[in-house]
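[1] Requesting a structural model of the entry that follows:
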Amino acid sequence: MSGAFFPVATLFTSLAAAAIIFLLPEGAFRARTGLNLAAAVLKIGLVAWMVRGLSQGQTYAVEFPVLEGLAFVLRADALGIMFAGLSSLLWLFTTIYAIGYLEDSPNRRRFFGFFSLCVASTLGISLAGNLFTFLIFYELLTLSTYPLVAHRGTPKALAAATLYLRFTLTAGLVLMIGMVALHALAGDIRFGQREVLADFGQEQRGMLIAIFWVLIAGFGVKAGLVPLHGWLPRAMVAPAPVSALLHAVAVVKAGAFGIVRLVYDVYGSELSQALGLLTGLAVVASVTILYASLRALAQVELKRRLAFSTVSQVSYVVLGIGLFGPLGTIAALSHLLHQGLMKITLFFCAGNYAEELGIHRIDELDGVGRRMPLTSLAFSVGALGMIGLPPLVGFLSKWYLGIGAVQAGMPWVIAVLVASSLLNAAYFLPVLYRLWFCPGPDHGVGAWPEERHLGRFETSSWLLLPALATALFSVMAGLLAGLPYSPLEWATRVVNLEYLP
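    As a prediction, the model looks like this:
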């Protein structure tokens, strides 16, 4: 089968699902559910096929000329397929969760239509073969997530969605300016053609540095780098599936993935180091990690605490990029997947507490572990992983970052990692203490803020099973990190194939 088929088919699956969902009647629950799940499973199958093919040396690429010297390029390489795999897998769980969370709410057709457009945008970002194609899907992601943030239609939701749009559209404009400047300097650079900019060397040093930081600013808004992170905590008024989408699957990950592409596939790590860019990137990431962790400590709402935790944790990816060396790169790429598994688990659990018991604040969680033990167990796995407790996946990321920092001759990063882990413990352990050790309210009417009894078990199976599944994946990805196709093993493979001589 042609190598052009699979990238196009992967995108078409989500685009076709979105078009059909928009045409379905609002009450077509079974048809919409079946279509959502079928599209999600088919995407996983297509991505898995490309993973297998890439392992055997096959090529999957297609391009269409747009203007002279500019093309629309889709290409599955080891890095892109890693991000596509994360997006596809977590999207299946998010789809299942969203079906249970939102099928009793109004405007379901609109939500799931834009939901499918969002996954198409994310997969387009994964498979983009140059900056031009990346920008198209990056902006489509902004436009398709705005209706999801504004879904509830309340004044607070609309204000948060408007702020999100202002931040991300401005970032897109900044990104386009940087890309146009780079194109004027070096033409249409395909991802992986690092030698193009390396040939300019010292001749265009100032211009290359300026363009780099303009592009970092464009990507940094979605990645949540301080001080460009202001939209992220405000967006927590969105439904829990959207929060999971923003933090673990699509938007924040797209920004971090863009920075990875910029450093490794456009500039190249050696040129970035020669221009003195990586140390500055590591400093920005370290400031973000510590600042966001301190802000998380002060939050009383559970989802806002998780939001600031995301700002901090995603910057581990950027910090790993700033550590010039293979171990830092492995840490960055593996944490792109590890953080997604842990954070989506935490947001699923936060949504379960809100839907089943009406709990939104941390001081309302006393004794919830006895009322919702499985959800609380999943939350505990995610939280302990974020702290870095072995053998969970968060420990692997921090371990490789620490070794990479020593290897790069940047021992001050160790202090950042230690301080960050202590702050992670400071804002997660009190939550776990309330869940498991504080006495809960008396049983009876009004014991919880708004108890609903959504299912036969502690909550609806549609809500419970995705949280348990992603928690289990977090454990298995740590325990079985040495096996083929684990996040850590695939990150190591990407580094060996793409970024080592």
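[2] pull the CA atoms of stretch 167-174 into CSV?
    Below are the C-alpha coordinates for stretch 167-174, written out as CSV (Å, rounded to 0.1, in the frame of the first residue of the first chain):
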residue,chain,number,x,y,z
PHE,A,167,-3.5,34.4,23.8
THR,A,168,-3.4,31.6,21.1
LEU,A,169,-4.3,33.8,18.1
THR,A,170,-1.6,36.3,19.1
ALA,A,171,0.8,33.4,19.5
GLY,A,172,-0.2,32.1,16.1
LEU,A,173,0.6,35.5,14.6
VAL,A,174,3.9,35.7,16.3
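[3] Give me the residues contacting it.
    Stretch 167-174 has contacts (Cβ atoms under 8 Å, 6 or more residues apart in numbering) with 135, 138-139, 142, 214, 217-222, 228, 230-231, 251. Just so you know, the C-beta spots here come from the backbone N, C-alpha and C atoms, and that holds for glycine as well.
[4] Report the mean per-residue pLDDT for that stretch.
    Regarding stretch 167-174, the rounded mean pLDDT is 92.
[5] now stretch 254-263
    Stretch 254-263 comes out at a mean pLDDT of 92.
[6] Quick one: which of the contacts of stretch 167-174 is the most crowded by neighbours?
    Greatest neighbour count in the contacts of stretch 167-174, by other Cβ atoms under 10 Å, goes to K222: 32 neighbours.
[7] Check whether that residue sits in a helix, strand or coil.
    helix (DSSP: H, G, I helix; E, B strand; the rest coil).
[8] now do the one 4 residues further on
    Classification of V226 into helix, strand or coil gives coil, according to three-state DSSP.
[9] How about L74?
    The three-state label given to L74 by three-state DSSP is strand.
[10] since we're on it, how many residues are nearby?
    Neighbour count for L74, taken as other Cβ under 10 Å: 25.
[11] Isn't it up against T59?
    No - assessed by Cβ atoms under 8 Å, L74 is found out of contact with T59, at 11.8 Å.
[12] if we look at stretch 12-19, which residues are touching it?
    Contacts for stretch 12-19 (Cβ under 8 Å, 6+ apart): 35-36, 39, 42-43, 46, 113-117, 119-120, 123.
[13] Next step: the contacts of stretch 167-174 restricted to helices.
    135, 138-139, 142, 214, 217-222, 231, 251 (DSSP state H).
[14] on that earlier part again, taking the contacts of stretch 167-174, tell me the two that lie furthest apart.
    Largest separation among the contacts of stretch 167-174 by Cβ to Cβ: L135 and G230, giving 22.6 Å.
[15] Read off the pLDDT value for G220.
    93.
[16] what's the distance between it and L262?
    11 Å (Cβ to Cβ, to the nearest Å).
[17] what bits of the protein have low per-residue confidence?
    For the chain, applying pLDDT under 70 flags the ranges 1-2, 201-202, 442-446, 500-501.
[18] can you pull the buried residues of stretch 5-24?
    6-7, 9-11, 13-15, 17-18, 21, 24 (16 or more other Cβ atoms under 10 Å).
[19] Narrow these to those in helices?
    Counting by DSSP H, the buried residues of stretch 5-24 contribute 6-7, 9-11, 13-15, 17-18, 21 to helices.
[20] any idea which helix or strand carries the residue most central in space within the chain?
    By Cα atoms, centre = their mean, the chain has its centre lying nearest to K253, at 3.1 Å. Per DSSP states H and E, K253 falls inside helix 251-261.
[21] Pull the distance from that helix to the chain's centre.
    Computed by Cα atoms, centre = their mean, to the nearest Å, the chain-centroid distance of helix 251-261 equals 8 Å.
[22] Ok, stretch 316-323 next?
    With Cα atoms, centre = their mean as the basis, stretch 316-323 stands 15 Å off its chain's centre.
[23] Now do the contacts for V242.
    145, 148-149, 151, 235.
[24] Oh, that last question was meant for A39, not what I typed.
    13-14, 16-17, 116.
[25] any idea how far stretch 56-64 is from the chain center?
    25 Å.
[26] Then stretch 455-465?
    The chain centre lies 25 Å from the centre of stretch 455-465; the measure is Cα atoms, centre = their mean.
[27] got it, and stretch 237-254?
    Distance, centroid of stretch 237-254 to centroid of chain: 7 Å (Cα atoms, centre = their mean).
[28] List the buried residues for that stretch?
    Neighbour-count burial for stretch 237-254 [16+ other Cβ under 10 Å]: 237-254.
[29] cool, and stretch 179-194?
    Quick answer for stretch 179-194 (16+ other Cβ under 10 Å): 179, 181-183, 186, 188-194.
[30] okay if I get those as CSV plus distance to P466?
    Below are the buried residues of stretch 179-194 laid out as CSV (distance: Cβ to Cβ, whole Å):
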residue, distance to P466
M179, 37
A181, 43
L182, 40
H183, 42
A186, 44
D188, 41
I189, 39
R190, 37
F191, 32
G192, 35
Q193, 39
R194, 39
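[31] State the pair within these that is farthest apart.
    Going by Cβ to Cβ, the pair spanning the buried residues of stretch 179-194 furthest: A181 and G192, at 20.6 Å.
[32] Strands of the protein, residue ranges please.
    60-67, 70-76 (DSSP state E).
[33] Quick one: closest of the ones you listed to L333.
    Taking the strands of the chain one by one with Cβ to Cβ, strand 70-76 is closest: 16.0 Å.
[34] which helices and strands does the closest one pack with?
    helix 5-23, strand 60-67, helix 108-127, helix 131-149 (3 or more Cβ pairs under 8 Å, 6 or more residues apart in numbering; DSSP states H and E).
[35] show me the contacts for S116.
    14-15, 17-18, 21, 36, 39.
[36] Now with 7 Å, please.
    Going by Cβ atoms under 7 Å, 6 or more residues apart in numbering, S116 touches 14, 17-18, 21, 39.
[37] C118 now?
    141, 144-145, 148, 245, 250.
[38] my read: R434 touches G369, true?
    No - between R434 and G369 there is no contact under Cβ atoms under 7 Å: 8.5 Å.
[39] okay, these two: which has more neighbours?
    Higher neighbour count among R434 and G369: G369, with 22 against 19, using other Cβ under 10 Å.
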